[in-house]
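Peer 1: take a look and give me a structure for this.
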Amino acid sequence: MTDHIHSKATPQLAMRRAALAPEADAAFRRFSQVVFQEGALSSKSKQLIAVAVAHVTQCPYCIRGHTEGALREGATEQEVMEAIWVAAEMRAGGAFAHSAIALETMTQHSPKK
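Peer 2: This next block holds a predicted model:
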């Protein structure tokens, strides 16, 4: 895939973002480091969770970065794909669950028999 809808992440863009808001940029980077370090969950598990969440939030930069992170932490391609399928099911599950709102609305607005 060579066509990109989103701008390519570059070191120049990262430096500009940091220059425009250095404290926030440093805080975000530190926060990210702490979140993804080994803890009750392994770094690999955290990266797989991030792959799934990135697909739900549809962030192309996050998808790429966390897929690379998951692979770097030892995830297999099959584990990455399973995480993506979990994300797909959760996204679809949200639409399915929220159908209750439409069903309730239709019931309230249906002609009384």
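
Peer 1: for the longest helix along the chain, which helices and strands make contact with it?
Peer 2: Longest helix of the chain, by residue count under DSSP state H: helix 77-109. With contacts defined as 3 or more C-beta pairs under 8 Å, 6 or more residues apart in numbering; DSSP states H and E, helix 77-109 has these neighbours: helix 43-57, helix 60-72. For the C-beta atoms, the positions are set from N, CA and C on the backbone; glycine is no exception.

Peer 1: tell me the angle of the first one relative to helix 77-109?
Peer 2: This points to helix 43-57. Here helix 43-57 runs at an angle of 40 degrees relative to helix 77-109 (axes from the mean of the first three to the mean of the last three C-alpha atoms, to 10 degrees).

Peer 1: what's helix 43-57 in contact with?
Peer 2: With contacts defined as C-beta atoms under 8 Å, 6 or more residues apart in numbering, helix 43-57 is touched by 35-37, 41, 62-63, 65-67, 69-70, 72-75, 79-80, 83-84, 86-88, 90-91.

Peer 1: can you rerun that using 6 Å?
Peer 2: 36, 62-63, 66-67, 69-70, 73-75, 80, 83-84, 86-87, 91 (C-beta atoms under 6 Å, 6 or more residues apart in numbering).

Peer 1: for that helix, what is the average pLDDT?
Peer 2: For helix 43-57, the mean per-residue pLDDT is 98.

Peer 1: picking that back up, so which one among the contacts of helix 43-57 has the lowest pLDDT?
Peer 2: residue 91 (93).

Peer 1: for it, what are its contacts?
Peer 2: So, once contact is read as C-beta under 6 Å, 6+ apart, residue 91 ends up touching residue 56.

Peer 1: that one and residue 47, how far apart?
Peer 2: Between residue 91 and residue 47 the computed distance is 19 Å (C-beta to C-beta, to the nearest Å).

Peer 1: which SS state does residue 28 fall under?
Peer 2: With DSSP: H, G, I helix; E, B strand; the rest coil as the basis, residue 28 sits in helix.
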